[in-house]
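>>> The sequence isn't on hand, but the structure is:
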């Protein structure tokens, strides 16, 4: 049986992604197979903006103004820079860059998800439908070392190694709080060398987003710090020797020391190098600054960056949620007063910034979530209709893409008059994942597992080539 992530999952190698106490084998990819050169026309970077909690498609991207009142959003649809697209009135800045967006309105779980967050993360981050363990364990289902890999880990494994920075970086947190860490965001079958680096931030100090041990660079005893880091890794070595290859462990040590000694590392992570007007444009919130950090990392050549929306505990009770997009209660007020203004400013700034810098063609920006919200208003957990919440809804959600060769100003797919079910050009998370691979020039998904058996990292799904 696969080992679960434990608290040792947070052991950081140079505060990258190292894991002790975890049954890993060697990396599933090696040599030329790992570092195949992508086609020249492929995007260089993907930025995934993941709206943790399950964002409401019918209040953002696919409003139904003619639906009955028990379904209809309280928000008005507004015109945008793209004649084909209307958005929520609470996305006015995003409306101005809609000519660069492609909205896929017909994403469904095909009835394969379980309705909970763990399964939603896994399906949308890996492209693989949740297995039986998600049905039996629900939100108690831990990440496993033989899970299918995160799409970012697949892309990172297929690109030549960055000379100074990790291939895959996630920020400003690792969803969710242990022991309920969300599956799907890790390298799984690919092995530990393709784990993301996690940068950590806090709402109280949004400008300080960093890998914790990189602070060692500014301390006086740098050599001592390096030795202390080596000592910490060696203390975990007994676990690693039992469960992972020494070659992987040695590579971790090299990555750790490279990060600690690299000037480019601290430069890429330094938001103070950005102008005050730029920081204001993104919004001086943790999620806004995380998107600005993502742009800096894309500029530095990191192939895959994920911004996991960090929930705000200050609105936890107001929305009957963890403080994010899981709006079981007071859905409309939580969206209009908190979530949508912050999203609108930061996301539109990223698209605008990438475009102005000539980076949008080379950078795919994907907005996704683990599910949509139930179109029929009312959730029993918040008082039913009077609580004005929306429950989980995996049967339908919207996914938004921009850049990376995507043709902007279009919608793809269609839902019924309630926004409950896709009725045209129906796709699933596997198709979205394959579309990301297509944009990044990743076509060969053949690999071998730890037992040397051939596997395909995602045999399901097809790229939505009509978007390009």
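Perfect, thanks for sending it. Computed from a predicted structure; not experimentally measured.

>>> Near residue 194, how many other residues are there?
By the criterion of other C-beta atoms under 10 Å, residue 194 has 27 neighbours. Every C-beta, even on glycine, is put in place using the N, C-alpha and C of the backbone.

>>> looking at it, it is touching residue 168, isn't it?
Yes. Proximity of residue 194 to residue 168 meets the contact threshold set by C-beta atoms under 8 Å, at 7.0 Å.

>>> can you pull the contacts of the nearest residue to residue 326 once chain neighbours are set aside?
Leaving aside its sequence neighbours, residue 326 sits nearest to residue 53 (C-beta to C-beta, 6 or more residues apart in numbering; 3.4 Å). Going by C-beta atoms under 8 Å, 6 or more residues apart in numbering, residue 53 touches 117, 309, 311, 321-322, 324-327, 369-370.

>>> 6 Å instead?
324-326 (C-beta atoms under 6 Å, 6 or more residues apart in numbering).

>>> What separation do you get for residue 92 and residue 65?
17 Å (C-beta to C-beta, to the nearest Å).

>>> hmm, I was thinking of residue 113
28 Å.

>>> quick one: the helices in the stretch 201-350 of the chain?
222-235, 237-243, 246-261, 263-268, 276-282, 286-299, 316-319, 331-334, 340-356 (DSSP state H, counting those that start in this stretch).

>>> ok, of those helices, where does mean pLDDT dip lowest?
Here the lowest mean pLDDT among these goes to helix 237-243, at a mean of 44.

>>> re the thing from before, common neighbours of residue 194 and residue 168, please.
Common neighbours of residue 194 and residue 168 (C-beta under 6 Å, 6+ apart) are 153, 156.

>>> Comparing residue 113 and residue 65, which residue is more hemmed in?
A count of neighbours by other C-beta under 10 Å puts residue 113 above the other of residue 113 and residue 65, at 25 against 10.

>>> who's in contact with the more buried one?
119-120, 123, 130, 394.

>>> could you flag which of these are buried?
Neighbour counting with 16 or more other C-beta atoms under 10 Å marks 119-120, 123, 130, 394 as buried within these.

>>> so can I have a markdown table of those showing distance to residue 187 and pLDDT?
Formatted as a markdown table, those follow (distance: C-beta to C-beta, whole Å; pLDDT from 0 to 100):
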| residue | distance to residue 187 | pLDDT |
| --- | --- | --- |
| 119 | 19 | 97 |
| 120 | 19 | 97 |
| 123 | 17 | 98 |
| 130 | 18 | 97 |
| 394 | 25 | 97 |
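
>>> tell me which of these is nearest to residue 154?
residue 123 (15.1 Å; C-beta to C-beta).

>>> element containing the closest one?
Residue 123 is located in helix 117-126, with elements delineated by DSSP states H and E.

>>> contact partners of that helix?
Contacts of helix 117-126 (C-beta under 6 Å, 6+ apart): 113, 129-130, 134, 139, 141, 148, 150, 182-185, 368, 370-371, 429.

>>> Drop anything exposed from the residues you listed.
113, 129-130, 134, 141, 148, 150, 182-185, 368, 370-371, 429.

>>> for the residues you listed, which one is nearest residue 390?
Nearest to residue 390 among those, with distances taken as C-beta to C-beta, is residue 371, at 10.6 Å.

>>> give the contact list for residue 303.
So residue 303 contacts 45, 155-156, 159, 167 (C-beta under 6 Å, 6+ apart).

>>> and if you look at residue 293?
Contacts of residue 293 by C-beta under 6 Å, 6+ apart are residue 209.

>>> likewise residue 85?
Here residue 85 is in contact with residue 98 (C-beta under 6 Å, 6+ apart).

>>> Could you number the chain from 48 rather than 1 from now on?
In the new count, where the first residue is 48, that last one comes out as residue 132.

>>> pLDDT wise, what is it at?
In this model, residue 132 carries a pLDDT of 97.

>>> returning to that earlier point: need the worst-confidence member of the contacts of helix 164-173.
residue 186 (86).

>>> Confirm that that residue sits in a strand.
No. If the criterion is DSSP: H, G, I helix; E, B strand; the rest coil, then residue 186 is helix and not within a strand.

>>> Would you map the helices across the stretch 98-247 of the chain?
Using DSSP H, counting those that start in this stretch, helices in the stretch 98-247 of the chain cover 104-107, 139-142, 164-173, 179-184, 198-205.

>>> Export the ones you listed as TSV, with columns for distance to residue 510.
TSV is the format used below for the helices of the stretch 98-247 of the chain (distance: least, C-beta to C-beta, whole Å):
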stretch	distance to residue 510
helix 104-107	22
helix 139-142	25
helix 164-173	16
helix 179-184	25
helix 198-205	13
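
>>> Which one of the ones you listed lies nearest to residue 224?
From those, taking C-beta to C-beta, the stretch that ends up closest is helix 164-173, at 12.0 Å.

>>> just to revisit the earlier point, any idea which of the contacts of residue 160 is the one closest to residue 333?
Nearest member of those to residue 333, counting by C-beta to C-beta, is residue 167, at 22.5 Å.

>>> And the residue nearest to the closest one when sequence neighbours are not counted, how far from residue 225?
Spatial nearest neighbour of residue 167, excluding adjacent residues (C-beta to C-beta, 6+ apart): residue 417 at 2.9 Å. Per C-beta to C-beta, residue 417 is found 18 Å from residue 225.

>>> Check residue 257 and give its pLDDT.
The model's pLDDT for residue 257 equals 83.

>>> so who does it touch?
Neighbours of residue 257 in contact, by C-beta under 6 Å, 6+ apart: residue 316.

>>> now, the most widely separated pair of the contacts of residue 160?
Farthest pair in these, by C-beta to C-beta: 177 and 441, 10.1 Å.

>>> residue ranges with poor pLDDT in the stretch 398-515 of the chain?
Residue ranges of the stretch 398-515 of the chain with pLDDT under 70: 497.

>>> Next, the residue nearest to residue 378 when sequence neighbours are not counted: secondary structure please.
Distances taken as C-beta to C-beta, 6+ apart put residue 437 closest to residue 378, at 4.7 Å, once the chain neighbours are dropped. Here residue 437 is recorded as coil under three-state DSSP.

>>> what number of residues lie near residue 437?
There are 28 residues near residue 437, going by other C-beta under 10 Å.

>>> From residue 364, how far out is it?
Residue 437 is 17 Å from residue 364, by C-beta to C-beta.

>>> same thing with residue 438?
18 Å.

>>> Next: residue 184.
Taking C-beta to C-beta, one finds residue 184 at 28 Å from residue 364.

>>> neighbour count winner among these two?
Counted by other C-beta under 10 Å, residue 184 and residue 364 do not tie: residue 184 has more neighbours, with 14 against 11.
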